[in-house]
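>>> Sequence first, predicted model second:
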Amino acid sequence: MPAAAFESGSMQKLIIYRASAGSGKTYKLTEEYLRLAFRIPFHNILAVTFTNKATAEMKERITGMLDMLAKGGESPYLKVLTDETGLPEASIRRKAGMLLNEILQNYSRFSVGTIDS
């Protein structure tokens, strides 16, 4: 699904995904956001979508998955996060709770927006 990845200057990596409707974009973007958020501060991540509806859905999906992980629920992202970080499940769940709290306490720095915002 990645269409292009770029690196330059102080920017580590820009990944652009091109996909049609119903192809799992929100799922994949949520996965990428969570993978990054477990490695770098969430306020250094910018996720860009094309519609306000998609922005709201992304924010809801990210916070919902962090909440689910923190509360011990089933998450399709758990294996990806344990594989990516090398952390055990308990550590992933603990960190998910901390990340969710950080996002909610600093919601204005939770940068998921539309391309024109």
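Sure, I can see it.
>>> Tell me the secondary structure at the spatially most central residue of the chain.
Most central in the chain under Cα atoms, centre = their mean is residue 33, positioned 1.9 Å from the mean C-alpha point. Secondary structure for residue 33, judged by DSSP: H, G, I helix; E, B strand; the rest coil, is helix.
>>> these two touch, right, it and residue 62?
Yes. Between residue 33 and residue 62 there is a contact under Cβ atoms under 8 Å: 5.5 Å. Glycine gets a C-beta too; all of them are placed from N, C-alpha and C.
>>> Could you pull out the residues contacting both of those two?
residue 112 (Cβ atoms under 8 Å, 6 or more residues apart in numbering).
>>> What lies in contact with the helix or strand residue 93 falls within?
Secondary structure assignment for residue 93, by DSSP states H and E: helix 89-105. Outside of helix 89-105, the residues within contact range by Cβ under 8 Å, 6+ apart are 37-38, 42, 62-63, 65-67, 69-70, 72, 78, 81-82, 85, 87, 110.
>>> can you do 10 Å?
By Cβ atoms under 10 Å, 6 or more residues apart in numbering, the residues outside helix 89-105 that reach it are 34, 37-38, 41-43, 59, 62-73, 75, 77-82, 84-85, 87-88, 109-110.
>>> Now it: average pLDDT?
Average pLDDT, helix 89-105: 97.
>>> what's the following helix or strand after it?
Criterion used, DSSP H and E; the element after helix 89-105 is strand 111-114.
>>> Just the buried ones from the contacts of helix 89-105?
The neighbour-count criterion (16 or more other Cβ atoms under 10 Å) marks 34, 37-38, 42, 59, 62-63, 65-66, 68-70, 75, 77-78, 80-81, 84, 110 among these as buried.
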